[in-house]
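Undergrad: Return atomic coordinates for the entry below.
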Amino acid sequence: MKKVLDYINNNVLVKVASLNSVSVIVKIIAGFLTSKFIALFVGSEGMALVGNLRNFVGSVQSLSILGLYKGVVKYIAQFKDDAFQLSKTISTVFYMGFCSTLLMSILVYFKAEYINDLIFKDYNNYAYVIRIFSMALPFYALNMFAFSIMNGFAKYKYLIVFNIFGQILGAVITILLIWQEKIDGALIAVVIAESIIFLITLVGIANRKNFIPLIKVSNFSLNFAKKLGSYSGMALFSAIILPLVAILIRSYIIDNIGLEQAGFWEAMNRISKYYLLFVSTLLTMYILPRFSEIDNIKDFRKEVFSFYKTIIPIFALGLIVVYFLRGFIVSLVFTEEFRPVEDLFLWQLLGDFIKVLSIVIAYQFLAKRMFWHYIITEAFSVTTLYFTSKYFIDEFGLVGANMAHFATYVMYYAIILLIFYSSLFGVIPDKLEEE
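TA: Take a look at the predicted model:
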């Protein structure tokens, strides 16, 4: 027992994972509660509409901050002991984000009717929800700015605490909105949920003003903005293409199988999102800053296999438990109407397992600014996902979309292993080359 405790105390990854578990549990409970209310008061068809709006919101949010989050984390982790470079980093990101968020808010507000027609087609007019989103967007951007700074400084405890309280507040407001306004409330909750967390973050950063003096117009750097350009390009590519493909697949399901079936697919995606929270937040908070600090293949290899040995077995066990409890989970999170979702679990779980194996390694693209590697592999994965989804849906019905998810990530993982084969299995040179 003593050896186990010593290992936990000396292993940063395990410490972060343990702290992160509390936040993830809160997020899962909050997500289950909101999903239950959507299922009860909105139904499977409403679930599909919420999914389309969620994809749109995610894209615009990433565009508003120019996809800079991961780049900011890298450079803050790199320059945290250099006050001048740190000021250049924070100042450049702040003013870039301010201008882009203002532009996106104005654009979304005045193009609300057009956006509504794209997202909801002729189902209903929710342009007013789009306008609410445009007004909430700046608060999301400020929250992400504060989070990226804390992440770069490895302030994991603060991030986790803010996330916990933010999730609780967001869940309470979302449940009240759905209860009172049904589908309208669910849609409003989607567009304000991420922005609400800033209320919690604001309380926290009010007592930690040490980074605010670093924000200076005079320290805005065009050269540094160019450095961030590759991170921005990578993030924006994913932010635009991935939600677009999700909307296209969901629309294909609606047109060929029905709106209700699209709601079942969205329900499976929501469950997947919940159990992936543990790994995805751990990757952002620990793996990205750690890969950014590493400058040799030996440490890169060590971190990857440490993650595989420490986290992946737990994750795999969790997926097995989820599979055998799928009937209970569907009943707990949704309603009897959503029973067909149980048939989607196997392929989704298999796909998510391979996905995690691959993205742990692929985070090196972001950490080392491997721009074209990232763009080409992402383009391959989303293109493969779209066309395999259409093929498998035509052949096997709704479950075909989840089969396509698995097939896509098997091929993606194979490519990632091919790219990093020498780093993971070859002879170790002295330095990693940054591209």
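Undergrad: Need the CA coordinates for stretch 103-116. CSV is fine.
TA: C-alpha atoms of stretch 103-116 as CSV (Å, rounded to 0.1, in the frame of the first residue of the first chain):
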residue,chain,number,x,y,z
LEU,A,103,-16.7,40.7,-35.0
MET,A,104,-18.3,37.3,-34.6
SER,A,105,-20.9,38.6,-32.1
ILE,A,106,-21.9,41.4,-34.5
LEU,A,107,-22.0,39.0,-37.5
VAL,A,108,-24.1,36.4,-35.6
TYR,A,109,-26.5,39.0,-34.3
PHE,A,110,-27.3,40.5,-37.7
LYS,A,111,-27.4,37.2,-39.6
ALA,A,112,-29.5,35.4,-37.0
GLU,A,113,-32.4,34.7,-39.5
TYR,A,114,-30.1,33.3,-42.1
ILE,A,115,-28.3,31.1,-39.5
ASN,A,116,-31.6,29.9,-38.2
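Undergrad: what's the spacing between A48 and A267?
TA: Using Cβ to Cβ, to the nearest Å, A48 is found at 9 Å from A267. Glycine gets a C-beta too; all of them are placed from N, C-alpha and C.
Undergrad: tell me the average confidence for the helix or strand hosting L282?
TA: For L282, the host element (DSSP states H and E) is helix 259-282. Mean per-residue pLDDT for helix 259-282: 86.
Undergrad: Please apply the same query to stretch 420-435.
TA: Here the average pLDDT along stretch 420-435 is 64.
Undergrad: what's near enough to touch the closest residue to L344 other than its chain neighbours?
TA: Among residues not flanking L344 along the chain, M268 sits closest, at 4.4 Å (Cβ to Cβ, 6 or more residues apart in numbering). By Cβ atoms under 8 Å, 6 or more residues apart in numbering, the contact set of M268 is 341, 344-345, 348, 402.
Undergrad: What are the phi and psi values at V42?
TA: Here is the backbone geometry of V42 (degrees, to the nearest 10): phi -120, psi -40.
Undergrad: Quick one: neighbours of A316, just the number.
TA: 14 (other Cβ atoms under 10 Å).
Undergrad: Could you do the one 10 residues further on as well?
TA: Other residues within reach of R326 by the criterion other Cβ under 10 Å amount to 20.
Undergrad: Now do it against L332, distance only.
TA: Applying Cβ to Cβ to R326 and L332 gives a distance of 11 Å.
Undergrad: next one: L242
TA: Counting by Cβ to Cβ - L242 and L332 are separated by 28 Å.
Undergrad: cool, and I168?
TA: With Cβ to Cβ as the criterion, I168 and L332 are 19 Å apart.
Undergrad: Compare the two and say which one has the larger neighbour count.
TA: I168 (15 against 11).
Undergrad: Give me the angle between the host helix or strand of that one and helix 259-282.
TA: Using DSSP H and E, the element containing I168 is helix 156-181. Here the directions of helix 156-181 and helix 259-282 differ by 160 degrees (axes from the mean of the first three to the mean of the last three Cα atoms, to 10 degrees).
Undergrad: Could you give me the buried positions within stretch 302-322?
TA: Using 16 or more other Cβ atoms under 10 Å as the test for burial, stretch 302-322 gives 303-304, 307, 311-312, 315, 319, 322.
Undergrad: Repeat that for stretch 192-203.
TA: Across stretch 192-203, burial judged by 16+ other Cβ under 10 Å covers 192-198, 200-201.
Undergrad: So which of those are in helices?
TA: Residues of the buried residues of stretch 192-203 located in helices (DSSP state H): 192-198, 200-201.
Undergrad: Out of the residues you listed, which comes closest to W372?
TA: Using Cβ to Cβ, E194 comes nearest to W372 of those, at 30.4 Å.
Undergrad: ok, the residue nearest to the closest one when sequence neighbours are not counted to L319 distance?
TA: Using Cβ to Cβ, 6+ apart and skipping the chain neighbours, the partner closest in space to E194 is Y140 (4.8 Å). According to Cβ to Cβ, Y140 stands 31 Å off from L319.
Undergrad: just to revisit the earlier point, Q61 is in contact with the residue nearest to E194, correct?
TA: Yes. If you go by Cβ atoms under 8 Å, Y140 and Q61 touch, sitting 5.5 Å apart.
Undergrad: what do those two both touch?
TA: Shared contacts of Y140 and Q61, counting by Cβ under 8 Å, 6+ apart, come down to E194.
Undergrad: that older thread, could I get the buried residues of stretch 192-203 as a markdown table with distance to L259 and pLDDT?
TA: Below are the buried residues of stretch 192-203 laid out as a markdown table (distance: Cβ to Cβ, whole Å; pLDDT from 0 to 100):
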| residue | distance to L259 | pLDDT |
| --- | --- | --- |
| I192 | 25 | 89 |
| A193 | 23 | 83 |
| E194 | 26 | 81 |
| S195 | 28 | 83 |
| I196 | 29 | 80 |
| I197 | 31 | 79 |
| F198 | 34 | 79 |
| I200 | 36 | 74 |
| T201 | 37 | 73 |
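Undergrad: what sits against the residue nearest to E194?
TA: 61, 64-65, 194-195, 198.
Undergrad: The helix holding L282: which residues count as buried?
TA: For helix 259-282, by 16+ other Cβ under 10 Å, it's 259-279, 281-282.
Undergrad: Stretch 366-377 too?
TA: 366-371, 373-375, 377.
Undergrad: Just the terminal-to-terminal distance for it.
TA: One end of stretch 366-377 sits 13 Å from the other (Cα to Cα, to the nearest Å).
Undergrad: Please work out the average pLDDT along it.
TA: 81.
Undergrad: same question, stretch 22-41
TA: 81.
Undergrad: List the buried residues in it.
TA: Of the residues in stretch 22-41, those buried (16+ other Cβ under 10 Å) are 23-24, 26-28, 30-39, 41.
Undergrad: longest helix of this protein?
TA: Per DSSP H, the chain has its longest helix at helix 222-256.
Undergrad: Between helix 259-282 and that one, find me the angle.
TA: Going by the same axes, to 10 degrees, helix 222-256 makes 150 degrees with helix 259-282.
Undergrad: mind listing what's buried in helix 222-256?
TA: 224-225, 227-228, 230-243, 245-250, 252-254.
Undergrad: What of stretch 330-346?
TA: 330, 333-334, 337-338, 340-342, 344-345.
Undergrad: Need the residues that contact it.
TA: 32, 35-36, 39-40, 43-44, 261, 263-265, 267-268, 270-271, 322-323, 326-327, 398-399, 401-402.
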